[in-house]
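Undergrad: A structural model of the following input is requested.
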Amino acid sequence: MKVANALRASGMPARRSMTISNPTTNGRKGRRKEADEQGDTLILPPGYTIETMKGGSMGNTIRPGALFFVNRNDQFPSEGLFLLDFGIGEEVRRIQVLPGQAGAGPMLRVSLDDPAYEPQFVPPDKIRIAGRVVGTLNILFV
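TA: Numbering: from 1, shown residues only. Prediction:
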């Protein structure tokens, strides 16, 4: 399946003969990555970036080495996968919003897909969301 068709099926916009660009974020130098298959090159909308998964903590959801797409404009905590900024780097986590109890505000359940790690419960103001993970691209070599 062509890269462009895979992205369209996931809801990601794609255009012919354009370049994927990864803009400068948070003062870091921007990176430029291109995806080209049989003449198709794609461009991401403003605020979207392509990242590479490091480590296996997200199990089969995002495999090590897989590319994933982040909407850095979506930083509102809700249910789903998010790229969180821990001050020393960004990591993917699953977030679930839990209602507050007994006058306390809502809490975020922050977890990994690897069952070896226990979920953490964090107030929304104690976490920095860098963006929502909106898609993945796993490449299988056979």
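
Undergrad: please count neighbours and contacts with C-alpha atoms only from this point.
TA: OK.

Undergrad: what segments of the chain are strands?
TA: Assigned by DSSP state E, the chain shows strands spanning 36-37, 40-41, 48-52, 67-71, 80-85, 90-98, 107-111, 120-122, 128-137.

Undergrad: worst average pLDDT in those strands?
TA: Per-stretch averages of pLDDT across the strands of the chain put strand 36-37 at the bottom, with a mean of 42.

Undergrad: with distance to Thr61 and mean neighbour count as added columns, please give the strands of the chain in TSV.
TA: Output for those, formatted as TSV (distance: least, C-alpha to C-alpha, whole Å; neighbours: other C-alpha atoms under 10 Å):
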stretch	distance to Thr61	mean neighbour count
strand 36-37	24	14
strand 40-41	25	18
strand 48-52	13	21
strand 67-71	10	20
strand 80-85	10	20
strand 90-98	10	19
strand 107-111	13	20
strand 120-122	19	14
strand 128-137	9	21
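
Undergrad: so which of those is nearest Met58?
TA: Distance to Met58, taken as C-alpha to C-alpha, is lowest for strand 90-98 among the strands of the chain, at 7.6 Å.

Undergrad: list the contacts for Ala66?
TA: 52-53, 136-139 (C-alpha atoms under 8 Å, 6 or more residues apart in numbering).

Undergrad: closest one to Gln75 out of those residues, please.
TA: Closest approach to Gln75 among the contacts of Ala66 (C-alpha to C-alpha): Thr136, at 18.3 Å.
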